[in-house]
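Novice: predicted coordinates and the sequence they were generated for:
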Amino acid sequence: MKMPLLTNLLTPGLRALHFSGTRSASSGTLHIKDALNFWCGSRVDLKYVKSKSEPVCEPATGRVLCQLQACGAAEVDAAVKSASAAFTEWSRLAGMERARVMLEAARIIEKRREEIAELEVVNNGKSITEARLDVDSARQCIEYFAGQSTTLSGQHVQLSGGSFAYTRREPLGVCVGIGAWNYPFQIAAWKSAPAIACGNSMVFKPSPVTPVTAVLLAEIYSQAGAPEGLLNVVQGGEETGSLLCHHPSVAKVSFTGSVPTGKKIMEMASRGVKPVTLELGGKSPLIIFEDSDLENAIRGALMANFLSQGQVCSNGTRVFVQRSILPRFLEEVVRRTKAIQIGDPLLEETRMGALVSKPHLEKVMGYVKQAKKEGANVLCGGEPFTPTDPKLKDGYYMTPCVLDSCTDDMTCVKEEIFGPVMSVLSFDTEDEVLRRANDSPLGLAAGVFTKDVKRAHRVIENLQAGSCFINNYNITPVEVPFGGYKASGIGRENGQVTIEFYSQLKTVFVEMGDVDSLF
Ligand SMILES: NC(=O)c1ccc[n+]([C@@H]2O[C@H](COP(=O)([O-])OP(=O)(O)OC[C@H]3O[C@@H](n4cnc5c(N)ncnc54)[C@H](O)[C@@H]3O)[C@@H](O)[C@H]2O)c1
Ligand SMILES: C[N+](C)(C)CCCC=O
């Protein structure tokens, strides 16, 4: 029952790509010694003294995986200079030439799929099954924007007397990408692919919690024939990120992360009048009407809450269920939630791995405690979990949680928990649920399950969210735009429209007659 749910995220041609070989990595064995910063076409070891580097942990085991060497002003400047040099060369290529490099990068990613997915698991804690899907999404995004790069074009406008104007779609220059820790490789691809398709170069900063896989993407573009410096990776946290946002040679900042950080990014970028793309948090509603196909609605609710240990921006964590079907819904959701296999994320049978860090696990557990205090009923989960394998005993695991008897004023219903916690609310009428669903400063995603086609579209039309689903949830084909309304963000990722967020329009007026002067 579980695999078909996950394969729903794949296009049919890719369903054959499930892994059937032997694993090269095993939880608790990998030590990453290679440098994780990358500019001018190679990895850069900052030769840090140990006291200046920060340990990065493997979520599955809690042991140290590698050391983070954070970049300061000099390193950020070197990476931006590297990107500027690449921009000069790359932006002059024809779209077809850029596409060739991007398609070669996609081919390399497909070949190295298992290795990239394993490293993602070791650094992030998510299950290998999901990590493979993330790598596929990254590759598909690069393929999609390779296609888009060949279609960039302007407009020709006829004017009087044979004069005319035309528009050119031009790149912006050096773009900065700043990523969150929940989809490290995928975020690097979702940002770099549209950027480079338009002729820009990029400096990308991964989250300091998950620094391991973005550098692979930079290497892969290089191997695919990109100029040195097309994608550069600088490691670090807040300080490195703000150096990037303030850098005078940076033309745009594309950010994925929390709302408070997004506000700071926008403020910093505004000082240089730099455009931003902001992909921020959510507290999305999933509305299940009594006439829905209950089996699909239950599958949808699980996919809306428990992918990546619940650490997904678009998750539908406010599950509104029409009162008449609430008992049946809860019984089945709880049964399936209790059956979710938690454990070593590198094992094929695991469906839920470890949360990303100890502080984050504690934060999520704190939300469950608060929910109980405020009167929510814990139907299952919400407890720390220790797998039987002794090497996993210090990992960051918890049991997925379903909360019943939730009300709109509870903290678990108002705030983004970013963990495996589903809050279930009941409702009676369509008008009522719409009002309650929209009662949030956030508006990333929303979903509705119903067999009534008119109601489905009517409800979606009235929901204040950028990414909506009818009779499914958390599907993000790269051909369609993804992004939020309200405080959930600005701009979009994926789909044709994203070209507009990584390019600018130049208008050229051409006079065919004489200058008509008033002087
Ligand atoms: N909408 C989306 O597409 C999307 C996708 C994934 C995650 N998210 C959101 O991301 C959040 C979780 O990720 P997180 O905890 O890594 O978010 P975060 O905001 O703490 O950090 C995100 C990134 O910003 C950097 N950063 C922090 N302070 C900065 C500053 N002052 N200047 C520049 N950079 C700075 C961090 O180092 C990190 O790389 C959740 O809210 C989630 O909803 C959104
Ligand atoms: C592919 N997902 C699962 C929809 C995740 C999108 C990125 C948000 O965190």
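Specialist: Yep, it's here. Ligands and ions are numbered 1, 2, ... in the order given.

Novice: how close does V233 sit to ligand 2?
Specialist: V233 sits 20 Å away from ligand 2, going by C-beta to the nearest ligand atom, to the nearest Å. Using the backbone N, CA and C atoms, a C-beta is placed for each residue, glycine as well.

Novice: that residue: neighbouring residues, count only.
Specialist: Counted with other C-beta atoms under 10 Å, residues neighbouring V233 total 28.

Novice: Y396 now?
Specialist: Counted with other C-beta under 10 Å, Y396 comes out at 26.

Novice: before we move on, what about T386?
Specialist: 13.

Novice: which one is it nearest to, not counting chain neighbours?
Specialist: Distance criterion C-beta to C-beta, 6 or more residues apart in numbering; nearest residue to T386, sequence neighbours excluded, is K393 at 5.7 Å.

Novice: okay, and the residue in the stretch 201-350 of the chain positioned nearest to ligand 1 sits in which element?
Specialist: Residue of the stretch 201-350 of the chain nearest ligand 1, by C-beta to the nearest ligand atom: G241 (2.2 Å). In the assignment (DSSP states H and E), G241 maps to helix 238-246.

Novice: right, and the helix or strand after the lowest-mean-pLDDT helix or strand in the chain?
Specialist: None of the helices or strands of the chain scores lower by mean pLDDT, DSSP states H and E than helix 2-7, at a mean of 39. Next in sequence after helix 2-7, counting helices and strands by DSSP H and E, comes strand 37-39.

Novice: which elements pack onto that next one?
Specialist: strand 42-44, helix 73-90, helix 214-223, strand 231-233 (3 or more C-beta pairs under 8 Å, 6 or more residues apart in numbering; DSSP states H and E).

Novice: what average pLDDT does the longest one get?
Specialist: Mean per-residue pLDDT for helix 73-90: 98.

Novice: near ligand 1 at all, that helix?
Specialist: No: on the criterion C-beta under 6 Å from any ligand atom, helix 73-90 is out of touch with ligand 1, staying 11.3 Å away.

Novice: mind listing what's buried in that helix?
Specialist: 75-76, 78-87, 90 (16 or more other C-beta atoms under 10 Å).

Novice: just those residues now: which is nearest S53?
Specialist: E75 (13.3 Å; C-beta to C-beta).

Novice: isn't that closest one right up against N37?
Specialist: Yes: with contacts counted by C-beta atoms under 8 Å, E75 reaches N37, the gap being 6.8 Å.

Novice: shared neighbours, those two?
Specialist: Listed as contacting both E75 and N37 by C-beta atoms under 8 Å, 6 or more residues apart in numbering are 44, 46, 234.

Novice: quick one: which of these is most hemmed in?
Specialist: In these, the most neighbours by other C-beta under 10 Å go to V234, 30 neighbours.

Novice: so what's it up against?
Specialist: V234 neighbours (C-beta under 8 Å, 6+ apart): 37, 39, 71, 75-76, 79, 203-205, 240, 244.

Novice: how does it look with 10 Å?
Specialist: 36-39, 44, 69-72, 75-76, 78-80, 176, 178, 203-206, 211, 214, 240-241, 243-244 (C-beta atoms under 10 Å, 6 or more residues apart in numbering).
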